[in-house]
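Enquirer: next input, structure requested:
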Amino acid sequence: MASRRANDEPLGAEPADSAGGWLRPGRHLLIGLAVLLAGLYFSINAAQLERERHFSERQAEVQRDLSDFRARLETDIYASVGLVRGLAVQVVQHEGLSAAEFALLADELRRGQPQILNFSLAPGFVVSAVHPMEGNAAALGVDLLGDPIQKQAMLRAISKDGPVLAGPFEMRQGGHALAVRIPLWVERDGVPRLWGAVSMVLDYELMLRNAGIRALEKELVLGIVGRDAAGPGGDIVRGPRLSREAKAVRVPAFLPGGSWLISAVPKEGWDARPWWSTPGFPFRVGLSLLAALATARILHDRQRIRRLAGMDSLTNLPNRRWALQQLARRIARGRRGDGGFALLSFDLDGFKPVNDTY
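Expert: Below is the predicted model of the structure:
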């Protein structure tokens, strides 16, 4: 029986498949494996793209939050600058103000403005008047050009001939504040002369809170650089100086005399999940596996159907269809001069009843 099976196989006969026969090694499994590898490749790429898309969306969200914070901060600061400019105009027009006039005007400007801590006049750049005096008396006598904390911002204001946002700095009377310094020129005998400066001190923490910094710092690591509105190269204003490796979102805040650079990254990182744990990755891997198994099964079944089409189901031998195909090939080869062949015909007596019965 084994001899007969060995002799039959070269003719195209194949024994009936077992239940798991399609999983035996063969070309169909190689092609299925190729489909699986291709599916895994595209699944990994899709997972990485999904992670990058999440990163881009998160960056855009942080960018919007920082832009809103920046806009509110700039609006509040420039609104306050408008008030101190009004005071400066009065000082220039009158070449100074009496104590009573200064107190009256400062009270009017501070009304409904809790972020403004005080106004001050500094003829010759030495603070000679502060309003309100209560809690601010320590500022009297401060030389804005001699004080190491105030000097650089005051010199920049003189150089720019306009307001400069100084600070944040620790006030002598306690607490941290921002200050808007405006240098003033007055004409004497037709010659412009530098009179001194008018200043407004703002509550640093209140300004940031009103702009929404507390909500930001709940979710973000926030860093602000540019003390004295010195821009990205300035000293740290708040938080850490975030490196480039952090991939921080950066937004400039344009302030009187310069700018701050606001940077932020999420506290939990942009995306702590690796690409293989993205939501769609297991689903895509499952589809790839199903596609590979389906491809292997379809190819195996097509091969089996093709073989069965040329095999007699009763004898498990090649049938008439297969024989005629082989004969046509041999004839075609003979006509091309590829050699001859012999055709041997057997007639089995009494086989038709067996064939009809089984």
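Enquirer: now the helices for the stretch 251-358 of the chain?
Expert: In the stretch 251-358 of the chain, helices defined by DSSP state H, counting those that start in this stretch lie at 281-308, 320-335, 351-357, listed in chain order.
Enquirer: and the ones you listed, which is most packed in?
Expert: For the helices of the stretch 251-358 of the chain, average neighbour numbers computed from mean count of other CB atoms under 10 Å are highest in helix 281-308, which has a mean of 15. Glycine gets a C-beta too; all of them are placed from N, C-alpha and C.
Enquirer: distance from that one to the middle of the chain?
Expert: Average the C-alpha atoms of helix 281-308, do the same for its chain, and the two points are 38 Å apart (CA atoms, centre = their mean, to the nearest Å).
Enquirer: which strands and helices lie in contact with it?
Expert: With contacts defined as 3 or more CB pairs under 8 Å, 6 or more residues apart in numbering; DSSP states H and E, the secondary structure elements packing on helix 281-308 are helix 27-94.
Enquirer: outside of the next helix-or-strand element following the helix it packs on, which residues touch it?
Expert: Remark: after helix 27-94, the chain's next helix or strand is helix 99-110, criterion DSSP states H and E. Residues outside helix 99-110 that contact it (CB atoms under 8 Å, 6 or more residues apart in numbering) are 83-84, 86-87, 90, 94, 97, 116, 118-119, 121, 129, 131-132.
Enquirer: reformat the helices of the stretch 251-358 of the chain as JSON lines; add mean pLDDT and distance to residue 141.
Expert: Putting those into JSON lines (pLDDT from 0 to 100; distance: least, CB to CB, whole Å) gives the following:
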{"stretch": "helix 281-308", "mean pLDDT": "85", "distance to residue 141": "68"}
{"stretch": "helix 320-335", "mean pLDDT": "87", "distance to residue 141": "114"}
{"stretch": "helix 351-357", "mean pLDDT": "79", "distance to residue 141": "126"}
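Enquirer: nearest to residue 27, of the ones you listed?
Expert: Of all these, it is helix 281-308 that lies closest to residue 27, at 7.3 Å by CB to CB.
Enquirer: angle of that closest one against helix 27-94?
Expert: Put simply, helix 281-308 runs at 160 degrees to helix 27-94, going by axes from the mean of the first three to the mean of the last three CA atoms, to 10 degrees.
Enquirer: helix 281-308 vs helix 320-335, what angle?
Expert: Compare the direction of helix 281-308 with that of helix 320-335 by the same axes, to 10 degrees and you get 80 degrees.
Enquirer: related to what we said a few turns ago, which among the contacts of helix 99-110 count as buried?
Expert: Applying a neighbour-count criterion of 16 or more other CB atoms under 10 Å, the buried members of these are 83, 84, 87, 97, 116, 118, 119, 121, 129, 131.
Enquirer: with distance to residue 247 and pLDDT added, can I get those in TSV?
Expert: Compiled in TSV, the buried ones among the contacts of helix 99-110 are given as follows (distance: CB to CB, whole Å; pLDDT from 0 to 100):
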residue	distance to residue 247	pLDDT
83	39	90
84	39	90
87	44	89
97	52	84
116	38	92
118	41	92
119	43	93
121	47	93
129	49	92
131	47	92
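Enquirer: output those as a markdown table; include the columns distance to residue 53.
Expert: Shown next, in a markdown table, are the buried ones among the contacts of helix 99-110 (distance: CB to CB, whole Å):
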| residue | distance to residue 53 |
| --- | --- |
| 83 | 46 |
| 84 | 47 |
| 87 | 52 |
| 97 | 60 |
| 116 | 45 |
| 118 | 50 |
| 119 | 51 |
| 121 | 57 |
| 129 | 59 |
| 131 | 56 |
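Enquirer: from those, which is closest to residue 34?
Expert: In terms of CB to CB, no member of the buried ones among the contacts of helix 99-110 lies closer to residue 34 than residue 116, at 73.2 Å.
Enquirer: contacting residues for residue 157?
Expert: By CB under 8 Å, 6+ apart, the contact set of residue 157 is 163, 164, 181, 182, 183, 197, 257.
Enquirer: for the residues you listed, give me JSON lines that also has neighbour count.
Expert: Output for these, formatted as JSON lines (neighbours: other CB atoms under 10 Å):
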{"residue": "163", "neighbour count": "25"}
{"residue": "164", "neighbour count": "25"}
{"residue": "181", "neighbour count": "29"}
{"residue": "182", "neighbour count": "22"}
{"residue": "183", "neighbour count": "24"}
{"residue": "197", "neighbour count": "28"}
{"residue": "257", "neighbour count": "21"}
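Enquirer: which two of those residues have the greatest separation?
Expert: For these, the farthest-apart pair by CB to CB is 197 and 257; their separation is 12.8 Å.
Enquirer: isn't residue 131 right up against residue 117?
Expert: No - here residue 131 lies out of contact with residue 117, judged by CB atoms under 8 Å, at a distance of 10.4 Å.
Enquirer: which stretches of the stretch 151-300 of the chain form strands?
Expert: Across the stretch 151-300 of the chain, reading from the start of the chain, the strands by DSSP state E, counting those that start in this stretch fall at 164-170, 176-188, 191-203, 220-225, 236-238, 249-255, 258-266.
Enquirer: ok so, going back, so which of the contacts of helix 99-110 comes closest to residue 71?
Expert: Nearest to residue 71 among the contacts of helix 99-110, counting by CB to CB, is residue 83 at 19.5 Å.
Enquirer: leaving out sequence neighbours, find the closest residue to the closest one.
Expert: Residue nearest to residue 83 in three dimensions, not counting chain neighbours: residue 109, with 4.7 Å by CB to CB, 6 or more residues apart in numbering.
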